[in-house]
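[1] the amino acid sequence is not available; the structure is as follows:
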């Protein structure tokens, strides 16, 4: 069986994924600020308003808690809303709705009410945006039982993971790395295409050190891995893709092969997912451990204004340095 | 002014402080009796008596250590019963934590309500009635009602979503966001503010400088109406009109904000001591407006109730509440491992590992290894 493909950017894959799922299921409804006539500030919903009309692509008032709270009511009623929060830095007004209600309607009602909703938000830094436009606070949501958290890093994964998220019976926080919205293209299957939630992808095989990363950090990590390969150090790069649930098996399996690990994320170090991954390795593969796990992350500071954001985000050079620490230990 | 039909009685065509009243404080008729049968009118009385007795027993259960913290409703029966009696079964109720009477009138079993306050996850919210789980954070259920109403409208259904909340909730962002979105999309929702005068210890005057809460509706382009919340016939009439306006299939469904002015006679919860922050004279003044004798007098004087029927209702109410308490107290403690259920639709590896770890400890140490008393 051959599958036709389209060569798409990551943000075009978001759009294609939304359109495909909206055709497949008339309960899927997109809503948010500027998602309708304007097609989204990043064009992620371009053309959907024309294709599906104002009842399925809804321009809402500027009200993050209202958008997510309304989506919760719609989801409990039986629709599948896909609200957009324009930037992750603006998600905080909706935080109460997400963690107090979306995450626990199923458990609070012993399964009678559910919240099949996908909160999409452009995420992360590196696009020279103003303050509050560059946040990567995935850890807040990974910490909350009842939620799933997804961060794609390629166009094909974006479409496939978004489809799985929309079809998922539970609420999903879908974080789109906007730094790579248009950074490259990839062949993406046309029509129906899913990638299962909860499964990591090995982007590069290697035997010397395992590098766990996701989203926009996958590319500088791959770059650093190629540099180290030219020096004879083979990195295994594991793109986690889904942060909740974490693919513990893939993490442990890779580590058992290499005995050394690093985590690369752009979120602040303290309380970030790097600590969780380190703990998993400590719990499940301690005897394989040959070096301390290195966390190559953003700093414990607000994301700086853009004149300094390159210093904040892990760069290929910082990643290389961190990986050398791991490989050279002891 | 509504100007969009469904307002034959002019209930929405009045100033925000022009409080709707059908029975005055003495139980005298000062408005139009709503279109209810004699049996339905007596039902409203019976439900209010049931709510009052349920409330007294629930507070006592807490005092005796047989129930956890409980939020009493005494004084608020008329608004809860009157408004909920105006709904159809298909309509949705999205309550706060004090709406025991409203959710019971809408179909939730009393024992299930007790179980929730006794800390049982099995209690209440799995029932068939169209009642959403109680929202404990303030005002968060308001956008949910907007969303349910929007979904009902998009699906072409008749269902109206009714959110209940207190006066304190009108200070929260979700009140404004929920009503604003509802107004923009013309959703079939009714927002019932049970203004009982106090958000724990903070008086209504400290919530807002607005002269009325009903008047806030103007900011969202929807009707706002103030009603005597201790008058069950007035709360019924206003809610019924709002529901019909929301459902109006020929016109444009419109949401409504209802401010039901009332008083909570007791504490915010059983953990609260209201004597710290309010005068007993204020409570006594409000007790004169008690909704139950008010409706009783009207029903007696119009020949719908007599001593015999009232005594029967008293017996029936006591038996009903006693049976509910018995059912709640004999319901088995939930299986400890059930805390891992219903977190996600599918079983999840990490949760399964944690469940297995809990069960291993239970096997090794028994329940004594966990329970504090």
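    Thanks, I have the structure now. What you see is a predicted model, and the numbers here were worked out from it, not measured in a lab.

[2] excluding chain neighbours, what is closest to the residue of the stretch 151-300 of chain B found nearest chain A?
    Nearest residue of the stretch 151-300 of chain B to chain A, counting by CB to the nearest CB: residue B:177, 3.0 Å away. No exception for glycine: its C-beta is placed from N, CA and C like everyone else's. Leaving aside its sequence neighbours, residue B:177 sits nearest to residue A:66 (CB to CB, 6 or more residues apart in numbering or on different chains; 3.0 Å).

[3] repeat that for residue B:90.
    residue B:159 (4.9 Å).

[4] what's the answer for residue B:20, then?
    Per CB to CB, 6+ apart, closest to residue B:20 is residue B:227, 4.3 Å.

[5] what do you get for residue B:199?
    residue B:168 (2.8 Å).

[6] wait, the one you found sits on residue B:201?
    No. Contact criterion CB atoms under 8 Å: residue B:168 and residue B:201 do not qualify, at 10.6 Å.

[7] these two: which is more packed in?
    Neighbours were counted for residue B:168 and for residue B:201 using other CB atoms under 10 Å in any protein chain shown; residue B:168 has more, 23 against 13.

[8] tell me the contacts of the more buried one?
    B:138, B:199-200, B:202, B:207 (CB atoms under 8 Å, 6 or more residues apart in numbering or on different chains).

[9] out of those residues, which are buried?
    Buried subset of the contacts of residue B:168 (neighbour count, 16 or more other CB atoms under 10 Å in any protein chain shown): B:138, B:199, B:207.

[10] leaving out chain neighbours, which residue sits closest to residue 48?
    Picked chain A for this. residue A:57 (4.6 Å).

[11] switch to chain B, that's the one I care about
    Leaving out its chain neighbours, the residue that sits closest to residue B:48 by CB to CB, 6+ apart is residue B:77, at 4.1 Å.

[12] in the stretch 101-250 of chain A, which residue sits closest to chain B?
    Counting by CB to the nearest CB, the stretch 101-250 of chain A gets nearest chain B through residue A:169, at 3.8 Å.

[13] assign a three-state SS to that residue, would you?
    For residue A:169, the assignment made with DSSP: H, G, I helix; E, B strand; the rest coil gives coil.

[14] so it touches residue A:114, yeah?
    Yes. The criterion here is CB under 8 Å, and residue A:169 meets it with residue A:114 at 5.8 Å.

[15] how much space separates the closest residue to residue B:212 other than its chain neighbours from residue B:168?
    Of all residues not flanking residue B:212 in the chain, residue B:16 sits nearest, at 4.4 Å (CB to CB, 6+ apart). Going from residue B:16 to residue B:168 by CB to CB, to the nearest Å gives 19 Å.

[16] show me the contacts for residue A:21.
    Here residue A:21 is in contact with A:28, A:162-163, A:166-167 (CB under 8 Å, 6+ apart).

[17] next: residue B:28.
    residue B:298.

[18] next one, pLDDT for residue B:253 please.
    Model confidence at residue B:253, expressed as pLDDT, equals 84.

[19] just give me the neighbour total for it.
    Count around residue B:253 with other CB under 10 Å applied: 21.

[20] now do the phi/psi pair for the residue lying closest to residue A:186 once chain neighbours are set aside.
    Of all residues not flanking residue A:186 in the chain, residue A:155 sits nearest, at 4.3 Å (CB to CB, 6+ apart). Phi and psi for residue A:155, reported as degrees, to the nearest 10, are phi -60, psi -40.

[21] tell me how far the residue sitting nearest the centre point of chain A lies from residue A:188.
    Residue closest to the mean C-alpha point of chain A, counted by CA atoms, centre = their mean, is residue A:151 at 1.2 Å. Using CB to CB, residue A:151 is found at 17 Å from residue A:188.

[22] quick one on the thing from earlier: now, which of the contacts of residue A:21 lie within strands?
    Using DSSP state E, the subset of the contacts of residue A:21 located in strands is residue A:28.

[23] which residues of the stretch 151-300 of chain A fall in strands?
    Ranges of strands in the stretch 151-300 of chain A, per DSSP state E, counting those that start in this stretch, are A:172-177, A:186-189, A:201-204, A:209-213, A:235-239, A:242-244, A:261-268, A:294-298.

[24] which one of those strands is the most hemmed in?
    Among the strands of the stretch 151-300 of chain A, ranked by average contacts under mean count of other CB atoms under 10 Å in any protein chain shown, first place goes to strand A:209-213 (a mean of 29).
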